[in-house]
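Asks: give me coordinates for this.
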Amino acid sequence: MGMDSLVLLAAGTPGQTHPAIPLMILVVGIAIVLGMIVMLRVNAFLALITAAVVVSLLSPGPFADRVGRVAEAFGTTAGKIGVVIALAAIIGDCLIASGAADRVVRMFVRLLGEKRCEVSLMASGFVLSIPVFFDTVFYLLLPLARSMHRRTKRSYLLLILAMGAGASITHSMVPPTPGPLLIAQALHIDLGMMILVGLMCAVPTAVGVYLLVGWLSKRIDIPMRPLDGGRAEPDPLPDDRLPGLLMSILPIILPVALITTHTVVSSLARGAAADSLLEQVESYTSVLGNANLAMMLSATIALHVVWRQRRPGREGLAKMIETSLMSAGVIILITSAGGAFGAMLKEAQIGPAIENLSLGGSTQLGGLKLLFMGFLVAFLIKFAQGSSTVSMITTSAMMATLIPSTEVLGYHPVYIACAIGFGAQCGNWMNDSGFWVFAKMGGLTEVETLKTWTVTVSSTAVIGLFFVALFAMLLPLI
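Replies: Numbering: from 1, shown residues only. Have a look, this model is predicted:
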């Protein structure tokens, strides 16, 4: 069937579209995304926005609106997540520049002791990767891991695997990191609920992965190699040049606390009487717990800490903010294009078509099979094109068209969001930038990285899926 025929069939009268057409449109959309990214090496933004336009042109609706609705969906997504991502980038850079991130790491080391230095590094990566991107967290913690190895003689592989795994888990599970933030937006999940359930699934997963890397490091011996070019090891800053612990950790915990508090209060207020105290409290938490305001307050604190600790001057501070916003801009474009792609898949009526294909149209698609479908699709897209964020964006866009009512599903859709997040970690190999960050910065060969990092992150995804399914059965939240 040619493209012209596909357009004519899709343009038919609502209710008369051939049931196979939406599935063909889905295949075309995914083929465009993967083909442009994997084969043509095109930027993910261009791939996703091109796929959105093509899918929209093939979908039902007035022909004159088929390009305009892509731009509208793009703007809607950008309006929901753009401010949060921009502020998260500023917060992350401020934590690094001020020394606040270093202070948080030292807190864990002192709390748990150097004998448990691998736990300290894992906990540090787990916490810091909530507002800071994975690559940055790895750069930050690697010198500390090398220093701990020299002092304690603990397995170097154990230290860097624990550190990287801790950062990888929250990077894919807990907003305001862009991936889980976009999943929550695409699946219409309250941000506080995403944070709470993401953490609930991430913590036991981290424990399981800690046991795994301990076992793995005993069977594979990889020494700590000198830095490239024989560079000298950097000396850590003294404590008196770092900010205090409260001001260091406040930009991380404040938005999480405000957003989740509103989620808890609003959930309790649903069953309360009108004009009750809970309803009045909710009117305040709805403002303070708004993600945009919470992140703005956090960014203000982070900028204050940078100013007080480093005295960069107005020009220096302005340049740092500009650099942060430049990196955030790329992510906003990609996530917004992904949102437009998902909206156009919905216009193509793909959800009902897949339900009919799966169950003969007799009932809605529900149960744990949707959970595993989200994981599998995210894994396949991740394995094919390498980016966890693009995998989460594309998968959540597709899955948003399939999720039935909560009563039919049997559990809160936040668990599908978590399954997608873990699926987007699975299959981390040579087409992923995180693979090369771990290999080159850690001083491992490609084969060593495949045997250690790829195995660890992929196992993390499977362990995480187990806990997601377990919680969905035992604590459905409906």
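Asks: quick one: residues in contact with stretch 210-225.
Replies: When contacts are defined by C-beta atoms under 8 Å, 6 or more residues apart in numbering, stretch 210-225 is touched by residues 118-119, 122, 146, 149-150, 155-158, 161-162, 165, 443-444, 448, 451-452, 455-456, 459-460, 463. Every residue, glycine included, has its C-beta placed from N, CA and C.
Asks: sorry, that was for stretch 429-436
Replies: Against stretch 429-436 from outside (C-beta under 8 Å, 6+ apart): 38, 134-135, 168, 382-383, 385-388, 428, 446, 449-450, 453-454, 457.
Asks: same thing with stretch 30-38?
Replies: Residues outside stretch 30-38 that contact it (C-beta under 8 Å, 6+ apart): 42, 44, 46-48, 50-51, 54, 341, 381, 384-385, 387, 390, 394, 398, 431.
Asks: mind listing what's buried along it?
Replies: For stretch 30-38, burial by neighbour count (16 or more other C-beta atoms under 10 Å) applies to I30, I32, V33, L34, M36, I37.
Asks: redo those as a markdown table? Include secondary structure, pLDDT and distance to A206.
Replies: Conversion of the buried residues of stretch 30-38 to a markdown table gives the following (DSSP: H, G, I helix; E, B strand; the rest coil; pLDDT from 0 to 100; distance: C-beta to C-beta, whole Å):
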| residue | secondary structure | pLDDT | distance to A206 |
| --- | --- | --- | --- |
| I30 | helix | 85 | 32 |
| I32 | helix | 91 | 36 |
| V33 | helix | 86 | 31 |
| L34 | helix | 84 | 31 |
| M36 | helix | 89 | 35 |
| I37 | helix | 83 | 30 |
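Asks: sorry, back to before: just the buried subset of the contacts of stretch 429-436, please.
Replies: 134-135, 168, 382-383, 385-388, 428, 449-450, 453-454, 457.
Asks: flag the least confident of those.
Replies: In terms of pLDDT, the lowest of the buried ones among the contacts of stretch 429-436 is Q385, showing 76.
Asks: pLDDT below threshold where in this protein?
Replies: 1-19, 227-236, 271-275, 351-366 (pLDDT under 70).
Asks: for it, what's the longest helix?
Replies: Of all the segments of type helix in the chain, defined by DSSP state H, the longest one is helix 313-347.
Asks: what's the neighbour count on the closest residue to F134 other than its chain neighbours?
Replies: Leaving aside its chain neighbours, F134 sits nearest to H171 (4.5 Å; criterion: C-beta to C-beta, 6 or more residues apart in numbering). H171: 28 surrounding residues under other C-beta atoms under 10 Å.
Asks: which strands and helices sit next to the host helix or strand of H171?
Replies: Using DSSP states H and E, H171 sits in helix 156-173. Here helix 156-173 touches helix 117-128, helix 134-152, helix 178-186, helix 191-219, helix 388-399, helix 414-423, helix 455-474, going by 3 or more C-beta pairs under 8 Å, 6 or more residues apart in numbering; DSSP states H and E.
Asks: chain center to that helix: distance?
Replies: 14 Å (C-alpha atoms, centre = their mean, to the nearest Å).
Asks: what helix or strand is R225 located in?
Replies: Counting by DSSP H and E, R225 is found in no helix or strand.
Asks: distance-wise, check it relative to E448.
Replies: Per C-beta to C-beta, to the nearest Å, R225 is found 11 Å from E448.
Asks: more neighbours: the two, which one.
Replies: The neighbour comparison of R225 against E448 (other C-beta under 10 Å) goes to E448, with 16 against 11.
Asks: could you say which helix or strand holds that one?
Replies: helix 446-449.
Asks: how far is that helix from where the chain is centred?
Replies: So, by C-alpha atoms, centre = their mean, the centroid of helix 446-449 is 25 Å from its chain's centroid.
Asks: hang on, the earlier thing: quick one: the longest helix of the chain to helix 388-399, angle?
Replies: 30 degrees (axes from the mean of the first three to the mean of the last three C-alpha atoms, to 10 degrees).
Asks: what helices or strands is helix 313-347 leaning on?
Replies: Helix 313-347 packs on helix 20-34, helix 44-58, helix 68-98, helix 178-186, helix 291-310, helix 388-399, going by 3+ C-beta pairs under 8 Å, 6+ apart.
Asks: can I get those in a markdown table including distance to L376?
Replies: A markdown table is the format used below for the helices and strands packed on helix 313-347 (distance: least, C-beta to C-beta, whole Å):
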| stretch | distance to L376 |
| --- | --- |
| helix 20-34 | 13 |
| helix 44-58 | 20 |
| helix 68-98 | 25 |
| helix 178-186 | 16 |
| helix 291-310 | 30 |
| helix 388-399 | 9 |
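Asks: just tell me which of those helices ends up closest to S283.
Replies: helix 291-310 (14.1 Å; C-beta to C-beta).
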